[in-house]
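**Q** I'd like to go over a predicted model; first the sequence, then the structure.
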Amino acid sequence: MSSDVLTQFRAVFLGAPGAGKGTQAAQLVGEKKVLHISTGDMLRQHIADGSALGKQAAGFMEAGQLVPDELIISMVEQRLEQPDARSSWVLDGFPRTVAQAEALSSCLQGKQSGLSHVVYFPVPQDVLVKRLSGRWTCSGCGAIWNSQSKAPREAGVCDDCKGSLQQRKDDRPEAVSERLKVYLAQTEPLLDHYRAQGLLVEVDADRKPELVYEELLMVLNRELR
């Protein structure tokens, strides 16, 4: 994939929690100098900065409610207006619904080129449950470890900051299964939406990350020619 092709690269990565789309985006960013826009990271940054949008989002989260579409959409729109987003980027974690996809399309109209790719990383549900239920989060720095794929050197202790590792309630097997059911039910219409537009490509993510990345590059290169 040549550098001139990457100037046209604006993509959405879709996949259930644990599919590894963030890992693939990070490698693509590191090797191809593509901007990685993670809505999770963006939300946490707004909250940490105490921005108006961050304060509103924090209020919903503290009440145990989902952050409304309009707030997430506003954050994405603001991010895409920044100078470093004028070239190539990957959106990770957005859109999650057809309504969000339509809002993204409206945001891109008249500002820059539309989406070049929507990449879906399918993984069997039983594999996802194993991946996610092995996940542990550092209480100190927030680093994520996994007993199956990225185990810390010392059990229960973060390699980076020596903080204690904790498992979130929603990373326990029974909670993971329910999260995945909700995600898949929500995402299927979104896949159909992008498939109908001829944008959707699939990369089997039930493999080692390096093999997934190899196919991802092949797909992106083929589709952009």
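**A** In hand now; what should we look at?
**Q** Neighbours of V90, how many?
**A** 24 (other C-beta atoms under 10 Å). Heads up, the C-betas are built off the backbone N, CA and C, glycines and all.
**Q** repeat for A52
**A** Count around A52 with other C-beta under 10 Å applied: 11.
**Q** any idea how far it lies from S74?
**A** Between A52 and S74 the computed distance is 9 Å (C-beta to C-beta, to the nearest Å).
**Q** now the helices for the protein?
**A** Per DSSP state H, the chain carries helices over the ranges 3-6, 21-32, 39-49, 52-62, 69-80, 98-108, 125-133, 173-196, 209-224.
**Q** the residue most distant from the middle of this protein, which is it?
**A** E154 (28.1 Å; C-alpha atoms, centre = their mean).
**Q** which residues does that residue bridge with?
**A** V157 (DSSP bridges).
**Q** any idea how far it is from R207?
**A** From E154 to R207 the distance is 29 Å (C-beta to C-beta).
**Q** Check H117 too.
**A** 20 Å.
**Q** And these two? Which one has more around it.
**A** The residue with more neighbours, out of H117 and R207, is H117; 20 against 14, by other C-beta under 10 Å.
**Q** so what's the more buried one closest to, chain neighbours aside?
**A** A11 (4.0 Å; C-beta to C-beta, 6 or more residues apart in numbering).
**Q** Any idea what that neighbour is bridged to?
**A** Under the criterion used (DSSP bridges), A11 bridges to V90, H117.
**Q** That one contacts D92, doesn't it?
**A** No - counting by C-beta atoms under 8 Å, A11 stays clear of D92, with 9.5 Å between them.
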